[in-house]
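[1] need a structure here:
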Amino acid sequence: MDKRDYKNMWVYIEQNEKQIEPVSLELCCEARKLCDVTGDRLLAVVLGACPETELDKVKDCGVDGFIHVEGTGYEYYNTQAYANAFTVLSEKYRPSAIFVGGTVNGRDFAPRFAVRLNTGCTSDAMELVYDEKTGDIEFIEPAVGGKIMAVITLPVLRPQIGTIRPGTFRYEPTGGRENIEHIYERIDFPLEEIDTRILAFTPGEGDSELDISDAEVIVCVGNGLKDEASLGRYRELAKLLGGKIGCTRPLFDRGILPYKLQIGQSGVMVKPKLFIAFGVSGAVNHVAGVDAEVFVAVNKRADAQIFNYCDYGIVGDMDQVCDAMIAEIKRMRS
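    Numbering: from 1, shown residues only. Purely as a prediction, here's the structure:
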């Protein structure tokens, strides 16, 4: 294999009820930056029908073109048809890199078509860096329980495939380009070979308080929390600030807060305007999931690792500091 024969970068455009998943737009914005450095073209791959209004969002991310796949097998997500489509497309066009959102579906089919192409697939990368000397993309992610940052490359094989968690990169559309190319491919997959089928569908009502991915203010509680009864004050502070509550993994492990509120490399990636961390130690796999405009940390230990990452640090009892913040906010509003 001569990796110089592989050119251009692709982003899989995932849809949910005919709406494009935000992670696909985030990846297009980040891949645009890479392509500006490498000179590759950025192509968005769409399987099945997609509303034009949604495709306009992708165009605003600076893509050079689209690959539209038509045919049987794409009415709903399934492993077989989706993995087959990317295998066929990759063998025909030979992309240098393919980026897939680290959703439930993306994590399912990306490694499957990577195996069929005899290449590797990196999961949950936190950063993408282009090495001009080797021409390889460095997939950077926490490893060994967040104790180190691993750099993963595919120095020989192509395409370079990776899944990236939603919220890892910012959605920063740069505007559409002129003369966007549209490639249409028909790839039919035998319906009888699909192992799954939709019997019924009922939209989930969901709890808006459990969706913290786009919260502008987050009050994050760590393992320093004494007990569940103490949680009320932090909920009150979050409400006063117009934000939501989040947590580190130990609180989920202790059964105090649900997984959807867990922030970090193994949970939700967040980009709030204000992030206040109470009793958080500062493990790499947690702080790697936080990209805040203002980061405030409260911890009783002056040597806590969290103070290496915050903009403002407060050494003190987390409950007392939280109560003082609540009292001051109420005083200012009275």
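[2] Give me the average confidence score over the lengthiest strand in the chain.
    Of all segments of type strand in the chain, defined using DSSP state E, the longest is strand 136-143. Averaged across strand 136-143, pLDDT comes to 86.
[3] Show residues contacting it.
    Outside strand 136-143, the residues that touch it by Cβ atoms under 8 Å, 6 or more residues apart in numbering are 34, 97, 122-131, 148-155, 160, 162, 265, 284-285, 288. Quick note: C-beta positions are derived from backbone N, CA and C, even for glycine.
[4] So among those residues, which ones count as buried?
    Buried by 16 or more other Cβ atoms under 10 Å: 34, 97, 122-126, 128, 130, 152-154, 160, 162, 265, 284-285, 288, out of these.
[5] returning to that earlier point: what separates the longest strand of the chain from the chain centre, distance-wise?
    Centroid separation for strand 136-143 versus its chain: 14 Å, with Cα atoms, centre = their mean, to the nearest Å.
[6] Please name the strands paired to that strand in the sheet, noting orientation.
    According to DSSP bridges, strand 136-143 forms sheet pairs with strand 127-131 (antiparallel), strand 148-152 (antiparallel).
[7] what's downstream of the last one, the next helix or strand?
    Where DSSP states H and E defines the elements, the next helix or strand beyond strand 148-152 is strand 160-164.
[8] And the strands paired with strand 136-143: which comes nearest P272?
    Closest approach to P272 among these (Cβ to Cβ): strand 127-131, 19.6 Å.
[9] For M1, give me its contacts.
    V156, L157, R158.
[10] For the first one, give me its contacts.
    Translated: V156. Neighbouring residues of V156 by Cβ under 8 Å, 6+ apart: M1, K3.
[11] rewinding a little: D323: which of the strands paired with strand 136-143 is closest?
    Nearest of the strands paired with strand 136-143 to D323, taken as Cβ to Cβ: strand 148-152 at 36.6 Å.
[12] so where's the chain uncertain?
    143-147, 203-208 (pLDDT under 70).
[13] in stretch 160-170, what's buried?
    Residues of stretch 160-170 classed as buried by neighbour count (16+ other Cβ under 10 Å): Q160, I161, G162, T163, I164, R165, P166, G167, T168, F169.
[14] Check the separation of the first and last residues in that stretch.
    End-to-end distance of stretch 160-170 (Cα to Cα, to the nearest Å): 22 Å.
[15] just how off-centre is it within its chain?
    The answer for stretch 160-170 is 5 Å, by Cα atoms, centre = their mean.
[16] same question, stretch 262-269
    Its chain's C-alpha centre and that of stretch 262-269 lie 10 Å apart, by Cα atoms, centre = their mean.
[17] Quick check: the gap between the nearest residue to D108 once chain neighbours are set aside and K92.
    Ranked by Cβ to Cβ, 6 or more residues apart in numbering and with sequence neighbours excluded, the top spatial neighbour of D108 is T79, at 5.7 Å. In this view, T79 and K92 are 21 Å apart by Cβ to Cβ, to the nearest Å.
[18] higher neighbour count, the two?
    For T79 versus K92, neighbours defined as other Cβ atoms under 10 Å are more numerous around T79 (15 against 11).
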